[in-house]
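Student: Starting from these lines, generate the structure:
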Amino acid sequence: MKINTVKEKLAAGQPAVGTWLGLASPIAAEHMAHLGWDWLVVDTEHSPVGFETTVQCFQVIATTDTIPMARVAWNDPTLIKRLLDAGALGLVVPMVNTREEAEKAVAAMKYPPDGFRSLGGGRCLFYGEDYFSWANDQVACIVQIEHIQAVRNAEEILSVKGVDACFIGPNDLAGSMGIKPDLGAGDPRHEEAIQEVLRAAKKVGTPAGIHVPSAEHVSKRIAQGFQFIALTNDAGFMKAGAKQAQAAIKGWAPRA
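Tutor: Model prediction:
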């Protein structure tokens, strides 16, 4: 049986920190996986990554102890099934705004009798021929709360059996509130909505997560009680490192 260490950490009240993969590059995924993140999410919603490249990312991540995950493009059972069969050990499901949508996501990720996921083959069987017997317990279902409607329904959403955590998408949340997108959550109305989700999560005992732009924000959110935390993304790290190096060069400046 493959133990999902992210689910273990979340159940134990510990933080599980990772990052987003949006460069559509198995090489970038491989470098990231060897850095010791708890998890890596291949973003199939907002990146140009194709399905075969997504599988290649899962393959290189699985050579390490990092848990391979993906953000599905939509709360669609067909997309969910394919990513799980390809080897994802957890999925982040976008725009889950109601209890019914959360139930739909859970059911699509579970084999009968807990859901309606098809018992087909796929790369998932490389985790063991007993995969069908433990997948319902070990595959993580992370629902995204990224709309003000979802904030209002957070307690109901997070009470759904099989939801392992929620993940706040700060930019879409801000957009739904008519606020300028800001991962740093500078607007007090935005921050209050985030805290409303966190209060609901603590009340029902379901871990909360969020996307943040810096290590300082990771530490801040851990102190507040957030557990499933994404620190920027692979492109963000690459650009930040390049900018830092450019700024240190004497006698030269990058093109404006």
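
Student: Secondary structure element for the residue nearest to Gly162 when sequence neighbours are not counted, which one?
Tutor: Spatial nearest neighbour of Gly162, excluding adjacent residues (C-beta to C-beta, 6 or more residues apart in numbering): Val106 at 3.6 Å. Backbone N, C-alpha and C define where each C-beta goes, glycine included. Under the criterion of DSSP states H and E, Val106 resides in helix 99-109.

Student: And the contacts of that helix?
Tutor: 75-77, 80-81, 84, 91, 93, 95-96, 114-117, 139, 141, 143, 153, 156-163 (C-beta atoms under 8 Å, 6 or more residues apart in numbering).

Student: Give the partner strands of the helix or strand harbouring Leu40 in its sheet and their orientations.
Tutor: When elements are assigned from DSSP H and E, Leu40 belongs to strand 39-43. Applying DSSP bridges, strand 39-43 is found paired with strand 16-21 (parallel), strand 67-71 (parallel).

Student: quick revisit: pLDDT averaged over the helix holding Val106, what's the number?
Tutor: For helix 99-109, mean pLDDT rounds to 98.

Student: what comes up buried for that helix?
Tutor: 99, 101-109 (16 or more other C-beta atoms under 10 Å).

Student: any idea which helix or strand comes after the strand holding Leu40?
Tutor: Heading C-terminal from strand 39-43 (DSSP H and E), you reach helix 51-61.

Student: That next one packs against which elements?
Tutor: Helices and strands touching helix 51-61, as assessed by 3 or more C-beta pairs under 8 Å, 6 or more residues apart in numbering; DSSP states H and E, comprise helix 26-33, strand 39-43, strand 67-71.

Student: neighbouring contacts of it?
Tutor: Taking C-beta under 8 Å, 6+ apart as the rule, helix 51-61 contacts 21, 24-27, 29-30, 33, 40, 42, 44, 49, 67-68, 70, 82-83, 86-88, 123.

Student: Can I get the helices and strands packed on helix 51-61 in CSV including distance to Thr5, mean pLDDT and mean neighbour count?
Tutor: As requested, the helices and strands packed on helix 51-61 are exported to CSV (distance: least, C-beta to C-beta, whole Å; pLDDT from 0 to 100; neighbours: other C-beta atoms under 10 Å):
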stretch, distance to Thr5, mean pLDDT, mean neighbour count
helix 26-33, 13, 98, 20
strand 39-43, 9, 99, 26
strand 67-71, 6, 99, 27
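
Student: Contact partners for Pro48?
Tutor: Contacts of Pro48 (C-beta under 8 Å, 6+ apart): Ala24.

Student: Mind doing that once more with 10 Å?
Tutor: 22-24 (C-beta atoms under 10 Å, 6 or more residues apart in numbering).

Student: Which one of the buried residues of helix 99-109 is nearest to Asp172?
Tutor: Glu101 (14.6 Å; C-beta to C-beta).

Student: For burial, what's the neighbour tally of Ala256?
Tutor: When neighbours are defined as other C-beta atoms under 10 Å, Ala256 has 3 of them.

Student: got the contact list for it?
Tutor: No residues are in contact with Ala256 under the rule C-beta under 10 Å, 6+ apart.

Student: swap in Ile142?
Tutor: Contacts of Ile142 by C-beta under 10 Å, 6+ apart are 6, 10, 39, 41, 69, 71, 90-93, 96, 105, 163-167, 207, 209, 228.

Student: Many thanks, I have nothing further to ask.
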